[in-house]
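>>> would you be able to build a 3D model of this:
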Amino acid sequence: MTPARTIGKYYARLVRQMFSVFGFELRRLEPPRSHMGRLFEMPIGHCLTGYGFAYKRNVGNPFVEFVFDDPRIELELTSFYRYARNYNPKNAAEAFYPNGTDHVRLTSVLIDPGFSKFRVPNLPLFWARSQQVTAYQRGQRDFNSQVSMDAIVSNTNKHLRRSLRILSNLKDQGFKLETCEKKITDAFVCGVLLKRGSELRFVVTSGQHRVGAMAALGYSKVPVLLTPEYPPIVDREFAEHWPIVSCGFYTREAALACFDRFFDDDGSTVAEAYGLITVNGARETPQFGKATTKD
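Okay, here's the model as predicted:
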């Protein structure tokens, strides 16, 4: 047996044991011919974006909030646009602790103001592999350039259109596993498991639009895959062995400050600081019509 297969079997066994011990009502699904590993059901209430926003209302998550936007408003008034325009942290401290943190080291970890905000930060966090930390350190530069308004509009429009398409498909057809298999890159939700004692969180690294739409439609669970891009499980107990710590990128205390943020806050504190919660023309119930997008 190859080392890769041995490691894969170890992680699969570890995940099954964790789910059983922690009491999560997760059942293993059998995806037909999936080459990306086994699917597990994860409670949506334990899923977060790469910036620590939960998939629920009033925490600044545009992948959920867009469903409640008035369909008659212009793009510039949508939740996606507000997020793209307002949420521009320059470093890890501003991303996770905008009201201040004692860990000054976080202020020197820079974030590109581009569009990684819709996926995961383009700076190494606790799920990064050693080579990703090294690559960032070698290419570290001043990221304080401005993103043009045209670029913001174009990118926001793209994400809004994709979310509307997925929302419509889910509303009309529901979630079908066999449909996911036909278009793997656009259907499966992938991410990393975070473990803190008896607590689990799932950071979505791919599939943010789908999870957001499912959360807005009232789904309680979502089938997920552990991504091959990062280590599948990050355990707080072994923080000193995380590459971002062992490589000297963060102190152990600073790394744990970022890690704990994913357990102790649903993103509402950050959303309030950046003005992401107030929604002009928001509705109390979901809208399923067409939002006004720019061609």
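>>> what average pLDDT does the helix or strand encompassing Pro223 get?
Here Pro223, judged by DSSP states H and E, is contained in strand 221-226. Averaged over strand 221-226, pLDDT sits at 90.
>>> report all helices and strands that it contacts.
strand 39-43, strand 189-196, helix 208-216 (3 or more Cβ pairs under 8 Å, 6 or more residues apart in numbering; DSSP states H and E). The C-beta positions use only the backbone N, C-alpha and C, and glycine is treated the same way.
>>> now the angle between helix 208-216 and that strand, please.
Interaxial angle, strand 221-226 versus helix 208-216 (axes from the mean of the first three to the mean of the last three Cα atoms, to 10 degrees): 160 degrees.
>>> adjacent strands (with direction) for strand 221-226?
strand 39-43 (antiparallel), strand 189-196 (parallel) (DSSP bridges).
>>> returning to what we had before: among the helices and strands packed on strand 221-226, which comes closest to Arg162?
helix 208-216 (5.2 Å; Cβ to Cβ).
>>> out of the helices and strands packed on strand 221-226, deepest packed?
Mean neighbour count, computed with mean count of other Cβ atoms under 10 Å, is highest for helix 208-216 among those, reaching a mean of 26.
>>> where does this structure have low pLDDT?
1-37, 101-110, 112-115, 139-149, 177-187, 278-295 (pLDDT under 70).
>>> so what does the longest helix seen in it touch, helix or strand wise?
In the chain, with assignment by DSSP state H, the single longest helix is helix 149-173. Packing partners of helix 149-173 (3+ Cβ pairs under 8 Å, 6+ apart): helix 79-86, helix 208-216.
>>> mind putting those helices into JSON lines with distance to Phe53?
JSON lines is the format used below for the helices and strands packed on helix 149-173 (distance: least, Cβ to Cβ, whole Å):
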{"stretch": "helix 79-86", "distance to Phe53": "9"}
{"stretch": "helix 208-216", "distance to Phe53": "10"}
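>>> circling back: beyond the strand holding Pro223, next helix or strand please.
Trace forward from strand 221-226 with DSSP H and E and the next one is strand 233-235.
>>> ok, that following strand: who's next to it in the sheet?
strand 189-196 (parallel).
>>> quick one: residues in contact with the partner strand.
By Cβ atoms under 8 Å, 6 or more residues apart in numbering, the residues outside strand 189-196 that reach it are 15, 18, 36, 47, 126-127, 200-207, 210-211, 222-227, 229-237, 259-260, 262-263.
>>> buried subset of the residues you listed as a ChimeraX selection?
Selecting only the buried entries of the contacts of strand 189-196 in ChimeraX, with 16 or more other Cβ atoms under 10 Å as the criterion:
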select :15,18,47,126,127,200,201,202,203,204,205,206,207,210,211,222,223,224,225,226,227,229,230,231,232,233,234,235,236,259,262,263
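>>> for Phe80, find the nearest of the helices and strands packed on strand 221-226.
helix 208-216 (10.4 Å).
>>> helices along the stretch 1-150 of the chain, start to end?
Using DSSP state H, counting those that start in this stretch, the helices of the stretch 1-150 of the chain run over 3-22, 62-65, 79-86, 92-96, 130-139, 149-173.
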